[in-house]
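*Asks:* sequence below, structure please.
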Amino acid sequence: MLLATGTSLQAQASDPMLIHDADGLTVRGHLQFGLNAVSEANLFWNFSDTVAPGSGFDPDTSWLEVYVKPGLSFEKMLDSGSVLYGKASAVASYTFGTDAYDFGDTGRITLEEAYLGLRTPADGGPVFDFSLGPRELKLGTGMLIANGGSSGFERGALKFGPRKAWEKAAIARLTQDGLTGTAFYIDPNERPANDGKNRLAGLDLRHDWAGGGFLGLTFASVLNSESPYIQAAPGGSGAPTILPGAREGTRALNLYARTSPLSGALENWSFAADLAREWNDDIDLSAWAGRVQASHAFASLPWSPTLTYSFQTFSGDDPNTTRLERFDPLYYEGSPSAWATGSKSSMVFINSNVQSHNIALSVKPTPRDTITLRYAHIRANELFSPIQFGQATRLDTTGGTANVISGVTNAHLSDDLFLEYSRIINRNTYLTAGISVSFPGEGIKNTVSGDVPNWTGGFINVVFNF
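*Replies:* Numbering: from 1, shown residues only. Here you go, the predicted structure:
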């Protein structure tokens, strides 16, 4: 007993977040907090001066975001060898100043995680793991199911987006020999002002190989939703149609795969692909999306450069059909390293009716420092069709005839450049800084009269994670 107590005290001394470790019970504290300073110029290519000159919107703004995420978790070893576990955490966030969406000096405290789970012992057979309660869940590469929480607006911390957990979640996993089956029921943690009452359920089957390669398939079904869809006007002439509650009944399949770094003739190459299809018989929806990616690590060169190319595309609604083809990105992971379409442009375009060619070059001057340059060439898949939610609906008088149109008349939307620097200061502290610029394409320039400026900005943040 004295030895066990001494060992527990030594463990707590080396890990200050370890609160208790004895008699099969481990209790651990968690604390994450961050500061992010952001500055933007010519926000949204300064469209506000043309489309809403009396709104008072300032396209040049700077703000400071802060958040703190405290938590407590435990694991209890049962006599059977199974593990009872759980975690509770909360997020407090605030924005000082006015952010990109004209919200500021506001924030909220919300529950993040509050789940209990049971995991059977790993004794050579299958391992069963079931949890109930708010927690994070990401499936595949994050194309459809990843970000379960909403931040920004009245909640503050727009860029940080510290909320990730689903408001309600029931997750069951069965794992053996690299094969994992996951059944899930999730309810996103949406902002009260924009709560679509969404409920989803589905299955994911995935196989992981040594070295990082994987192959998987996700099926998701929207059981309940009040979220609308938008459909292009026939022939693209006229305002788009809003279809209330149309997301309910939508089903999605996502096939995803990634190789481990290859050897031989393709040494240090890796490849990845995602394919997705969505359908909803109630509204005659048939949509698709996909991404292919190739990456090469120049292992013999100084700074270990890695070059990655990817092409991603998401169907838009064809205005010349009665069917709805507009892809619903659901709850994708929207960071530049994941599924964002562009850097700046991702604040305007969701992953619907867009495609992009992406190139990323990453170097590591030291093991603690990473510099990444990203370029994205972004285009629309369908002309005269909503790009986001129909905000670009406008009156066009080309040729002397007035017509209401939506979307763009030229497919080229923008070109984004993003230079990012990351440093691991120590095991608990991370610094990230970046500058970016978005050059408007002809599709964007043609939506307003006059010159359309480049949209620029930068940020620097530090995150502490204990």
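*Asks:* residues in contact with the helix or strand in which Phe311 is found?
*Replies:* Assigned by DSSP states H and E, Phe311 belongs to strand 306-314. Strand 306-314 has contacts (C-beta atoms under 8 Å, 6 or more residues apart in numbering) with 272, 274, 289-298, 327, 329, 339, 341, 351-363, 381. From N, CA and C alone the C-beta is placed, and that goes for glycine too.
*Asks:* what about stretch 277-293, how long is it end to end?
*Replies:* This stretch, stretch 277-293, spans 19 Å end to end (C-alpha to C-alpha, to the nearest Å).
*Asks:* now do the closest residue to Arg368 other than its chain neighbours: how many residues are near it, please.
*Replies:* Of all residues not flanking Arg368 in the chain, Ile424 sits nearest, at 4.4 Å (C-beta to C-beta, 6 or more residues apart in numbering). The local packing of Ile424 (other C-beta atoms under 10 Å) involves 14 other residues.
*Asks:* who's in contact with Ile424?
*Replies:* Counting by C-beta under 8 Å, 6+ apart, Ile424 touches 368-369, 430.
*Asks:* okay, helices next: where are they in the stretch 351-466 of the chain?
*Replies:* Ranges of helices in the stretch 351-466 of the chain, per DSSP state H, counting those that start in this stretch, are 442-445.
*Asks:* where does pLDDT dip in the chain?
*Replies:* By pLDDT under 70, the low-scoring segments of the chain are 1-13, 389-405.
*Asks:* where exactly do the helices run in it?
*Replies:* Ranges of helices in the chain, per DSSP state H, are 2-14, 48-51, 442-445.
*Asks:* returning to that earlier point: is the residue nearest to Arg368 in a bridge, and if so with what?
*Replies:* Beta-bridge pairing for Ile424 (DSSP bridges): Tyr430.
*Asks:* residues near Arg277, how many?
*Replies:* Neighbour count for Arg277, taken as other C-beta under 10 Å: 16.
*Asks:* my bad, should have said Ile460
*Replies:* Counted with other C-beta under 10 Å, residues neighbouring Ile460 total 15.
*Asks:* touching, it and Ala37? I think so.
*Replies:* Yes: using C-beta atoms under 8 Å, Ile460 and Ala37 qualify as a contacting pair, with a distance of 5.5 Å.
*Asks:* give me the contacts around stretch 32-45.
*Replies:* With C-beta under 8 Å, 6+ apart, stretch 32-45 has contacts from 59-69, 99-100, 157, 159-160, 162, 347-348, 438, 440, 444, 452-466.
*Asks:* are any of the contacts of Ile424 buried, and if so which?
*Replies:* The neighbour-count criterion (16 or more other C-beta atoms under 10 Å) marks Tyr430 among those as buried.
*Asks:* rebuild the contacts of Ile424 as JSON lines, extending it with distance to Ala220.
*Replies:* Converted to JSON lines, the contacts of Ile424 look like this (distance: C-beta to C-beta, whole Å):
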{"residue": "Arg368", "distance to Ala220": "38"}
{"residue": "Asp369", "distance to Ala220": "38"}
{"residue": "Tyr430", "distance to Ala220": "32"}
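*Asks:* what about Gly441, distance to Trp45?
*Replies:* 10 Å (C-beta to C-beta, to the nearest Å).
*Asks:* what do you get for Gly245?
*Replies:* 33 Å.
*Asks:* more neighbours: which of these two?
*Replies:* Trp45 (25 against 16).
*Asks:* test my guess that Gly140 contacts Asn254.
*Replies:* Yes: between Gly140 and Asn254 there is a contact at 5.8 Å, judged by C-beta under 8 Å.
*Asks:* dihedrals phi and psi, Ala299?
*Replies:* As for Ala299, its main-chain torsions (degrees, to the nearest 10) stand at phi -60, psi -30.
*Asks:* find the nearest non-adjacent residue to Leu60, please.
*Replies:* Actually, residue 60 is Asp. It isn't Leu. Sequence neighbours aside, Ala41 is the residue nearest to Asp60 in space, at 4.9 Å (criterion: C-beta to C-beta, 6+ apart).
*Asks:* cool, thanks, talk later.
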